[in-house]
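Participant: Coordinates only, no sequence provided:
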């Protein structure tokens, strides 16, 4: 048997040759470094195109523009993927009352770019002949000692068959005789037989031994294998190890890691792919392959325009690299770059003009995407001449006219005040398609309301409602805003009530109605509406709401309530309008010795419990290097209706703690899917209890904190309801911590079952147990989420989420079988 093992080990793979020892370090000598380079004009030009970031990072990890909040500079990036994966959420779908978070798509034309040559990641099929160091590994028969050959052969057989814990124990038992060369052979053998996870664990075990010497060739080979299996987290871990050793990763590792990120359907992966791409050029000096340029550019344009527009600088950088390296620039690259420019708030017309000229010089015809992009740019500038010229070309092109082109043409005419021509375009759209699109209705009603064409706007609104299309909320907002400007307060009220019957409550329309009530002097009704907004977590109040009701109290002489509103605004750090502040200073001087200033911040009892629930559900707390200041990072799944409702409530709850870049600007009430608090020492208790070393931990005193309110927010942020009505909660931490949570649940008469998948524990309330759990948390669930999250009811597939094949009757999976997606999912 022993002889068979030896022979089998020898047959698994041919011997590789020598290690390249002169691979470049972080300070390479250009005369000695065998790098591939391309013709760049200057490093300063590269830095010009280096994208701005919302996070402060080290020099060697540039990031690109994101729609995330800007983080304070005191925070370093720890455990990158815990931060960039999206928070999991109870994925739900909108019911008959539409959700406000769906407006942007039809209203702003946030369509994704349409590629002419189909879609796909091309760089994944272009990995042959990538530059990588070669390595030499002694075969078993080359070892002089028979006993060493036997033991290594035995380890080669045993290690792949065991779970991670057992594997480490076996390796620890061999410490007395295992050497660097032996462990290297074990890792390489595992890669030869495609047991790359085992090879990775052997490599990590090697790094902890006193005799370990960094092996660049081994690290490169293992990183490449992990990346090819799309295990981007492990590939990135080895990539960072190489950097920390003062070496530059090989071209193959850069290429494969970028492809792994692009292949992963996880939020944040695209940003990391861009970061690695930039470092590949600026740090490594490599010339990426054409397929890699194209794949990354395609990924930038794969999102709707409202999201993709933040990647303009990165797209320009890729275009610059293609130009300077004399690589083929495909038509989709030109069209895509024009498409990105057209989505910018301030359109660079000269850049678009130069790109169109380049297309013509390259012998490429402008397609439908280019014409639509030009119309989009014209709609922002009010360039009616260029718009009509482009419309003629679009009409003559193949493929027909997309609905969004009609919307942009309507907007062009509206910009120059020709609203009747906008109406003509709308009727043309109806005739062309048989019926107008939702975006078409939104735009024409917006145009007519802004021009105060009340009869036409009402007629089209009635037509819109009868068509059965949704969402209706944007058009209701335009109508009520028009009535407010025309002082038609009775019509405004009836439209507001009609809106509540058909749509989900929305803060914007509530603010308009509140303003109307204050203007007509109906203080009692205004106070009732304000309290209703403040008490409803889905709607909430903001600075505008508070200033409106404060104006009402001051105008009516109700000074006591004005003072209470002022105190609320101080607590929430809302800005008070200057005219109101002048009145307030006089009022407060009568009852107080000095005007009250915002006091030192502290959490309320409700805020403390909500935070515990969110942290259990996957919320992340980052600490600076000295662990003196800490920052809470709120991340919500942008594809989840449930998270879209919850995020506004959480944003309001912690408004006074938010970083200035995370607060809504005047006139813009959109809440980002990622926002963060300021860096503050007050969060130290929660960081020490739940994130002591940058990893999630279940505190020893967790049994004291699992109140119904905590469980409710844990469920809303990090829970699921299955199609059968069962409730699942996701939790990360140690087995001992999970046992404490389960024990506490049972003490509350909540029976539950636990299933482990990789590093994640699932706590399941099944059957009647889910009903008991629901009864406990229902009073604390947001009203608009109760239909989505209610347990034990007959649910349709549309209202539930797949339980991801969580079978509580089977044995728990080990870490050995956990994928990167499970490990890095920051639910």
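Facilitator: Sure, I can see it. Note that the structure is predicted; figures quoted are calculated from it, not measured.
Participant: so what's residue 632 up against?
Facilitator: For residue 632, the contact set (CB atoms under 8 Å, 6 or more residues apart in numbering) comprises 611, 619, 620, 621, 654, 657, 676, 677, 683, 686. Glycine gets a C-beta too; all of them are placed from N, C-alpha and C.
Participant: what's the helix or strand for it?
Facilitator: If you go by DSSP states H and E, residue 632 is part of strand 630-635.
Participant: between the next helix or strand after that strand and strand 630-635, how big is the angle?
Facilitator: Next helix or strand after strand 630-635 toward the C-terminus (DSSP H and E): helix 641-653. Relative orientation of helix 641-653 versus strand 630-635 (axes from the mean of the first three to the mean of the last three CA atoms, to 10 degrees): 150 degrees.
Participant: And residue 151, which helix or strand is it part of?
Facilitator: helix 146-158.
Participant: Which strands or helices does the helix or strand following that helix pack on?
Facilitator: Next in sequence after helix 146-158, counting helices and strands by DSSP H and E, comes helix 164-173. Secondary-structure packing of helix 164-173 (3 or more CB pairs under 8 Å, 6 or more residues apart in numbering; DSSP states H and E): helix 196-207.
Participant: And the contacts of the helix or strand that the helix it packs on is followed by?
Facilitator: Per DSSP H and E, helix 196-207 leads on to helix 216-228 as the next helix or strand towards the C-terminus. In this structure, residues lying in contact with helix 216-228 by CB under 8 Å, 6+ apart are 19-20, 23, 127, 132-135, 184, 187-188, 191, 196, 199-200, 203, 234-235, 238-239, 241-242, 245, 247, 249-250, 252-253, 256-257, 259-260.
Participant: For the helix holding residue 151, name the packing helices and strands.
Facilitator: So helix 146-158, by 3+ CB pairs under 8 Å, 6+ apart, packs with helix 2-11, helix 180-192.
Participant: Relative to residue 537, which of the contacts of residue 632 is nearest.
Facilitator: When the contacts of residue 632 are compared for distance to residue 537 (CB to CB), residue 654 wins out at 12.6 Å.
Participant: Nearest the middle, which residue of the chain would you pick?
Facilitator: Centroid check for the chain by CA atoms, centre = their mean gives residue 267 as the closest residue, at 4.5 Å.
Participant: just checking, that residue touches residue 638?
Facilitator: Yes - contact status for residue 267 versus residue 638: in contact at 7.4 Å, counting by CB atoms under 8 Å.
Participant: Now residue 729: which helix or strand?
Facilitator: Using DSSP H and E, residue 729 falls in strand 727-732.
Participant: Could you pull up the mean pLDDT of that strand?
Facilitator: On average, the pLDDT along strand 727-732 is 90.
Participant: Same check on stretch 343-352?
Facilitator: Confidence over stretch 343-352 (mean pLDDT, whole number) is 92.
Participant: contacting residues around residue 627?
Facilitator: Residues in contact with residue 627 (CB under 8 Å, 6+ apart) are 684, 687.
Participant: my hunch is that it is in a helix, does that hold up?
Facilitator: No - according to DSSP: H, G, I helix; E, B strand; the rest coil, residue 627 belongs to no helix; its state is coil.
Participant: what's the pLDDT at it?
Facilitator: 79.
Participant: Enumerate every residue touching residue 475.
Facilitator: Residues near residue 475 by CB under 8 Å, 6+ apart: 441, 442, 445, 446, 461, 464.
Participant: what number of residues lie near the second one?
Facilitator: The number of residues packed around residue 442, counting by other CB atoms under 10 Å, is 24.
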